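Peer 1: I need the structure of the sequence given here:
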Amino acid sequence: MSAIKALTKDQLDALLREGDFPESVRLAAPKVVVIMTQDWCGQWADMASYLPDFADQAAIFTIEYNLLPDFESIMKFKEDVLKNRQVPYLRYYQNGKLVLERNWIPRAAFSDMLKRE
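Peer 2: The predicted structure is shown next:
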């Protein structure tokens, strides 16, 4: 696997247009984690500190969407369409299919999540 990647503008545009992340994200590896968050979140700082330890087990994509020019539209989509008003917001895909949605998750639970079959 590779390092943790930031979602691109094209990938975010596809999310807003299609209602889910594009195949370039969902099928980047057999196991994919996408985290949408805001840079000020303390729980995000905790997660960000341990994510590099799992980069060899899953493709991990992140976005601190409050830093983007289209912050309002991304937040509205996340809250109204994805029905999640908390950060960090995690989506876990296996073989391209969404299998779990969570908010902040401690290191041990993140590890257990990646062990799910």
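Peer 1: Can you pull the poorly scored residue ranges out of this protein?
Peer 2: When the per-residue scores of the chain are filtered using pLDDT under 70, the ranges that remain are 1-2.
Peer 1: in it, which spans are helices?
Peer 2: With DSSP state H, the ranges of helices along the chain come out as 9-18, 23-26, 42-50, 71-80, 107-115.
Peer 1: most tightly surrounded among those helices?
Peer 2: Neighbour counts (mean count of other C-beta atoms under 10 Å) averaged over each of the helices of the chain peak at helix 23-26, with a mean of 16. For every residue, glycine as well, the C-beta is placed using N, CA and C.
Peer 1: Can you name the residues that contact the spatially closest residue to Met47 that is not a sequence neighbour?
Peer 2: Counting by C-beta to C-beta, 6 or more residues apart in numbering, the nearest residue to Met47 once its immediate chain neighbours are dropped is Pro88, at 5.8 Å. Going by C-beta atoms under 8 Å, 6 or more residues apart in numbering, Pro88 touches Ile35, Met36, Thr37, Cys41, Gln43, Trp44, Met47, Asn103, Trp104.
Peer 1: Make a markdown table out of the residues you listed and add distance to Ile74.
Peer 2: Written out in a markdown table, the entries for the contacts of Pro88 read as follows (distance: C-beta to C-beta, whole Å):
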| residue | distance to Ile74 |
| --- | --- |
| Ile35 | 13 |
| Met36 | 8 |
| Thr37 | 11 |
| Cys41 | 15 |
| Gln43 | 19 |
| Trp44 | 15 |
| Met47 | 19 |
| Asn103 | 17 |
| Trp104 | 19 |
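Peer 1: Cool, thanks, signing off.
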